[in-house]
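Enquirer: Sequence below, structure please.
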Amino acid sequence: MANQITITPENGSSVFYTEKLTETAQLSNFHCSIDEYNEYLMKDALRSQKDHVAFTWLLLEKETDEIVSYMSLIADAIKLSVTEKSLHSLNYPFKTIPSIKIAKLSVDKFYREKYKGIGSFMIYIAKSFAIVCDEQYIAARFLTVDADIEHNASVLNFYKKNEFLVNEELCNKNRKTISMRRDIYM
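Expert: Residues are numbered from 1 along each chain as shown. Model prediction:
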């Protein structure tokens, strides 16, 4: 699309707002290119939220109040190798480091054409949430994600572009996802 608007942390809040998923959210107009992600939002996200398994955040366009994107966040911990811990200046005897995981992240097909950078903006929001959580409630050093290469092979490059690194300790070539991390303080 020639007139695609680029979204950045600087202009995103003038175009969008976030809202936690509620029973009254209008989900029927949301459609991404992966059926499994549409189904999760329509059928499982609210139940997961009620069961305190995952909180789903909606990104809505201010002009239309329509859902542009969503992400589900969960608590996580990742195992890092000695080399990986050294990279982040984490000199601790334990392997497991606290983090917040982006369990699902999806962008509506129509809005992916209208705006550029929505996925990166959602990562910016997740990082902001993680920093608030870390500063006020519980420790969280990383944002993590299991990059879904089964449904989208280029997603690995998307996360790398957004400063995520592959977790060597959890790397398994036979998986449908690749475990990745982003240090929220680097």
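Enquirer: ok, the residue nearest the centre of the chain - contacts?
Expert: Geometric centre of the chain, nearest residue: residue 102, 3.7 Å, by CA atoms, centre = their mean. Residue 102 makes contacts with 71, 72, 73, 122, 123, 126, 143, 144, 145, as judged by CB atoms under 8 Å, 6 or more residues apart in numbering. The way it works is simple: take the backbone N, C-alpha and C, and place the C-beta from them, glycine included.
Enquirer: pLDDT wise, what is it at?
Expert: We have a pLDDT of 98 for residue 102.
Enquirer: which residues are contacting the host helix or strand of residue 47?
Expert: Assigned by DSSP states H and E, residue 47 belongs to helix 45-50. Contact partners of helix 45-50, identified using CB under 8 Å, 6+ apart, comprise 20, 21, 23, 54, 55, 56, 70, 72, 104.
Enquirer: Top of those residues by number of neighbours, please.
Expert: Counting neighbours by other CB atoms under 10 Å, residue 70 leads the contacts of helix 45-50 with 26 neighbours.
Enquirer: Tell me the helix or strand right after the helix or strand that contains that one.
Expert: Using DSSP H and E, residue 70 sits in strand 67-79. Downstream of strand 67-79, the next assigned helix or strand under DSSP H and E is helix 82-87.
Enquirer: pLDDT averaged over that following helix - what is it?
Expert: 90.
Enquirer: can you check stretch 14-34 too?
Expert: 95.
Enquirer: So what's the gap between it and the chain middle?
Expert: Centre-to-centre, stretch 14-34 and its host chain are 15 Å apart (CA atoms, centre = their mean, to the nearest Å).
Enquirer: what's the span of it, first residue to last?
Expert: Counting by CA to CA, to the nearest Å, you get 28 Å between the two ends of stretch 14-34.
Enquirer: Which positions within it qualify as buried?
Expert: Buried residues in stretch 14-34, defined by neighbour count with 16 or more other CB atoms under 10 Å: 15, 16, 18, 21, 25, 30, 32.
Enquirer: again, but for stretch 108-119
Expert: Buried, per 16+ other CB under 10 Å, within stretch 108-119: 108, 111, 112, 114, 115, 117, 118, 119.
Enquirer: same deal with stretch 150-157?
Expert: 155, 156.
Enquirer: What lies in contact with that stretch?
Expert: Stretch 150-157 has contacts (CB under 8 Å, 6+ apart) with 34, 36, 37, 147, 148, 149, 176, 177, 178, 180.
Enquirer: Same check on stretch 27-35?
Expert: Contact partners of stretch 27-35, identified using CB under 8 Å, 6+ apart, comprise 38, 41-42, 66-67, 70, 106-110, 112, 148, 151-152.
Enquirer: Which pair of the buried residues of stretch 14-34 spans the longest distance?
Expert: Using CB to CB, the buried residues of stretch 14-34 span at most 20.0 Å, a distance reached by 15 and 21.
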